[in-house]
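Asker: predicted model and sequence below, questions to follow.
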Amino acid sequence: MAVSQTLPIELYTWSTPNGFKLSIFLEEVAAPYVVRFVNINRGEQFTPEFLAISPNNRIPAIVDPEGPGGKPISVFESGAILTYLGRKYGNLYPADERQRVIVDEWLAWQIANVGPVFGHYNHFASYSREKVPYAIKRFGDEAHRLFRVLDGRLKDHEFVAGDYSIADIALFCWIRNWGRRGIDIAEFPNVKRWHDAIDARPPVARGLAVKAPVEIDIAKDEEARKVLFGQR
């Protein structure tokens, strides 16, 4: 379903897996959008202006100036944004309720399992000054288990929920850097096949090219570490 969008969607983002979900989706549906980078390494996520649209002080968030009823709407949390945009554009999110349930299941699986586990593993393996073997093994083992679950699903499915969907986009953004999760991708040939098919899509390449204007080594940058790891 084509949607006539006169004003561009404002995408508040940074170079993270969750941020790339939205730039990829918007490229896939050829939606007009403008990028508003939020430097999460320098605390811009805590400004009153950003908190007004994302009260959990996390990216991504969007402002759609042509929301329901033609009135502006802001949406935060990547899963909520993906389903909102999927309904709005009638693309990558099925109208059939049975098919939509499957997409929702795998999207929720990514948000509740893959994102937190991979994030925790990365923190303890790459960023923590105190190496905690138990934590590294605990989250490394769980990351391996999640890859095994996904590989099993993709054994008999081209994409996780039938046709290519927002669930695939969400998972791809977290799966793609498997080396940082301590994963040998040779163990998971179905995941590798699925990843390569998505990675070859031109809109995906364009979405991944929406990168922050500066790169910061969080492991070494004390200001970034204070902002990201020192909040209560």
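Answerer: Perfect, thanks for sending it. Residues are numbered from 1 along each chain as shown.
Asker: got any ranges where this protein has weak pLDDT?
Answerer: Counting by pLDDT under 70, the ranges of the chain that qualify are 1-2.
Asker: strands of that one, residue ranges please.
Answerer: Assigned by DSSP state E, the chain shows strands spanning 9-13, 33-37, 61-64, 73-76.
Asker: sheet-wise, list the partners of the first one with their directions.
Answerer: Right, strand 9-13. Strand 9-13 has its sheet partners listed here by DSSP bridges as strand 33-37 (parallel), strand 61-64 (antiparallel).
Asker: picking up where we left off before, distance to residue 94 and mean neighbour count added to the strands of the chain, as a markdown table?
Answerer: From N, CA and C alone the C-beta is placed, and that goes for glycine too. Output for those, formatted as a markdown table (distance: least, Cβ to Cβ, whole Å; neighbours: other Cβ atoms under 10 Å):
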| stretch | distance to residue 94 | mean neighbour count |
| --- | --- | --- |
| strand 9-13 | 22 | 22 |
| strand 33-37 | 23 | 17 |
| strand 61-64 | 21 | 24 |
| strand 73-76 | 20 | 18 |
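Asker: quick one: residue 63 from residue 209, how far?
Answerer: Using Cβ to Cβ, to the nearest Å, residue 63 is found at 22 Å from residue 209.
Asker: quick revisit: to residue 125, which of the strands of the chain lies closest?
Answerer: Nearest to residue 125, of all those, is strand 9-13, at 24.9 Å by Cβ to Cβ.
Asker: burial measure for residue 18, as a count.
Answerer: The tally of other residues near residue 18 (other Cβ atoms under 10 Å) stands at 22.
Asker: now it, nearest residue through space, not along the chain?
Answerer: Sequence neighbours aside, residue 78 is the residue nearest to residue 18 in space, at 4.5 Å (criterion: Cβ to Cβ, 6 or more residues apart in numbering).
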